[in-house]
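# Give me coordinates for this.
(2 chains)
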Amino acid sequence: MSYLSHADLGGQIGHGPIVQDVAEPLFHHDWERRALAITLAMGATGAWNIDMSRAARETRPNYAAMSYYEIWISALETLLLERGLVSADELAAGRALAPAQTLPRRLAAADVAGALRAGSPTARAATEAACFTVGQRVRMSDQRAAHHTRLPAYARGRHGIVQHVHGKHVFADTHAQGLGEQPQWLYTVVFDGADLWGDGGAPGLQVSVDAWQPYLEAV
Amino acid sequence: MDEPDHEHEHGHGHSELSAMELRVRALESILTQKGYVDPAALDALIDTYQTRVGPRNGARVVARSWVDPEFRDWLRRDATAAIASMGYGGRQGEHMVAVENTPRRHNLVVCTLCSCYPWPVLGLPPTWYKSAPYRSRVVRDPRGVLAEFGLQLPQDLEIRVWDSTAEVRYLVIPQRPAHSEGLEETALAALVTRDSMIGTGVALSPPGGST
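This next block holds a predicted model:
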């Protein structure tokens, strides 16, 4: 099983200057509006979860060449095709050719405001104590995951300090693989810039990530 | 990846449709015909993020924290609840943390892995926030990044970058600008820019105030 994310960009060199558009419109093209809406509406059906969406986006082979909403559309098509909710023939024809499948939910217009207001909280009840406490020194796993993960490569194997314990949260790694929520304790872990980047780090720099317990080991 | 497609921007918008326009229309048609999505829900979703949710929400939160010490304490203890008390919350803001700039520390927010951003208080992220240059560089060379935003911070100022790698969303509380003592909450909110709540900017100086 190989899994390749093209989205883990932290610390990479060579991406050039930041292009700001002071008068940037919220959407650059009308299709971007529609892309946002169909992505959110399909997400609300329960056909997949947000971690599966992120996995689909970050594994698009041409990720780096696409604009953000192009990535969203490419990932949405992939998620639909993988589940047989839409066929390649239908995408080519631009219309439905086969009967629909039954999905857990359908987001009705009247429910949009309520669904957005509710969101999808990921905090879950804890039945056991957290392994790490605030102020404790920890080491991030140096394992390269063969699946979707939220441990950025730049923090792999690095030492940091637990700064906050957030409670248990849905574990993105298993949730993305269809292995369930498997809630894990979540921590904010802070690193010194020099520990991440050596002499290349800015003086006085600290960087934190939010890390689930399986990413961490005691030192 | 931050380049929008320019192939059809030379006309006046009523020539042929771009490949992406056709592709997304086709997909929307299929999803609607199959009954997976409600077309009216799509319009409601677009309307929400186009007209109802944006950085003015966050600006009101920041202004209140500047004038109301009790609210500021609440924001420190439980930002999700404090922000919800002003009517903002939900999708992509389910678990909020407010991080305050001080004379000793400047905070910056990024999502190096995708584009996580506190939607209920800031709306949808700008293109640069989602772009490879910002995501790759800000965790390593924040001063270089801030310089491109026109911000030169003192060398002895600590810089703290928050990488949004889980479902916690961060809102930077910029420092209250000098000479703003007499202003009330609404006028203060007008000084709070989107970028100052991401950390790539600072709050504006009051109009007419000396700098």
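# Report pLDDT for B:Q155.
Per-residue pLDDT puts B:Q155 at 88.
# any idea whether it is helix, strand or coil?
Three-state call for B:Q155 (DSSP: H, G, I helix; E, B strand; the rest coil): coil.
# what's near enough to touch it?
The contact partners of B:Q155, by C-beta atoms under 8 Å, 6 or more residues apart in numbering or on different chains, come to A:203-204. All C-beta atoms are positioned from the backbone trio N, CA, C, and that covers glycine.
# try 10 Å
When contacts are counted by C-beta atoms under 10 Å, 6 or more residues apart in numbering or on different chains, B:Q155 touches A:202-204, B:143.
# do the same with A:L80
Counting by C-beta under 10 Å, 6+ apart, A:L80 has contacts A:42, A:47-48, A:56, A:86-87, A:90-91, B:27, B:30-31, B:34, B:36.
# first to last residue in stretch A:5-24, what's the distance?
28 Å (C-alpha to C-alpha, to the nearest Å).
# I'd like the mean pLDDT over it, please.
Across stretch A:5-24, pLDDT averages out at 93.
# Give me the distance from that stretch to the chain's centre.
Centre-to-centre, stretch A:5-24 and its host chain are 17 Å apart (C-alpha atoms, centre = their mean, to the nearest Å).
# Check stretch A:47-64 too.
8 Å.
# Show me which residues of it are buried.
Within stretch A:47-64, the residues scored as buried using 16 or more other C-beta atoms under 10 Å in any protein chain shown are A:47-60, A:63.
# State the pLDDT value of the residue most central in space within chain B.
Nearest to the mean C-alpha position of chain B, by C-alpha atoms, centre = their mean, lies B:L122 at 3.8 Å. pLDDT, B:L122: 98.
# Pretty sure it sits against B:M96.
No - using C-beta atoms under 10 Å, B:L122 is not in contact with B:M96, being 11.0 Å away.
# hey, what's in contact with both of the two?
Listed as contacting both B:L122 and B:M96 by C-beta under 10 Å, 6+ apart are B:88, B:169, B:171.
# Excluding chain neighbours, give the residue nearest to the residue nearest to the spatial centre of chain A in space.
Closest residue to the average C-alpha location of chain A: A:R54 at 4.3 Å, with C-alpha atoms, centre = their mean. Nearest non-adjacent residue to A:R54, counting by C-beta to C-beta, 6 or more residues apart in numbering or on different chains: B:C114, 5.7 Å away.
# same question, A:R156
Per C-beta to C-beta, 6+ apart, closest to A:R156 is A:D142, 5.1 Å.
# What is the neighbour count of the one you found?
Applying other C-beta atoms under 10 Å in any protein chain shown, we find 11 other residues in the vicinity of A:D142.
# again with A:R124
There are 16 residues near A:R124, going by other C-beta under 10 Å.
# contacting residues around residue 83?
All of this refers to chain A. Going by C-beta under 10 Å, 6+ apart, A:R83 touches A:47-48, A:52, A:101, A:103.
# try chain B instead
Each residue near B:I83 by C-beta under 10 Å, 6+ apart is listed here: B:57-58, B:60-61, B:64, B:74-75, B:89, B:93, B:96, B:98, B:118, B:120-121, B:169, B:171.
# Please repeat the previous calculation with a cut-off of 6 Å.
Contacts for B:I83 were tallied using C-beta atoms under 6 Å, 6 or more residues apart in numbering or on different chains; they are B:61, B:96.
# Show the model's pLDDT score for it.
Predicted confidence (pLDDT) at B:I83: the value is 98.
# swap in B:T102?
As predicted, B:T102 sits at a pLDDT of 97.
# next one: A:G200
64.
# List the residues that contact the residue nearest to B:R72 when sequence neighbours are not counted.
Nearest residue to B:R72 in three dimensions, chain neighbours excluded: B:S65, at 4.4 Å (C-beta to C-beta, 6+ apart). Shown in contact with B:S65 (C-beta under 6 Å, 6+ apart): B:71-72, B:75, B:173.
# ok now do B:G93, which residues does it touch?
By C-beta under 6 Å, 6+ apart, B:G93 lies in contact with B:118-120, B:169.
# sorry, back to before: can you tell me which of the contacts of B:Q155 is nearest A:T188?
Relative to A:T188, the closest of these is A:G204; by C-beta to C-beta it sits at 18.7 Å.
# what's the distance between the residue lying closest to that closest one once chain neighbours are set aside and B:V121?
Nearest residue to A:G204, sequence neighbours excluded (C-beta to C-beta, 6+ apart): B:E158, at 4.6 Å. Distance, B:E158 to B:V121, by C-beta to C-beta, to the nearest Å: 24 Å.
# The two: who's more crowded?
More crowded of B:E158 and B:V121, by other C-beta under 10 Å: B:V121, with 29 against 14.
# In a helix, that one, correct?
Yes - applying three-state DSSP, one finds B:V121 inside a helix.
# My guess is it contacts B:G90. True?
No - counting by C-beta atoms under 6 Å, B:V121 does not reach B:G90; the two are 10.7 Å apart.
# Can you give me the domain assignment for chain B?
Domain assignment of chain B by automatic domain parsing yields the ranges B:19-51, B:54-198.
# wait, which of these is closest to A:W212?
domain B:54-198 (7.1 Å).
# Rebuild the contacts of B:Q155 as TSV, extending it with distance to B:G150.
Shown next, in TSV, are these (distance: C-beta to C-beta, whole Å):
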residue	distance to B:G150
A:A202	18
A:P203	21
A:G204	20
B:R143	13
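# for those residues, which one is nearest B:D195?
Closest to B:D195, out of all of these and judged by C-beta to C-beta, is B:R143, at 15.8 Å.
# residue ranges with poor pLDDT in chain A?
Along chain A, segments meeting pLDDT under 70 span A:1, A:200-201.
# Okay, helices next: where are they in it?
A:30-43, A:50-58, A:68-82, A:88-93, A:112-118, A:172-176, A:193-197 (DSSP state H).
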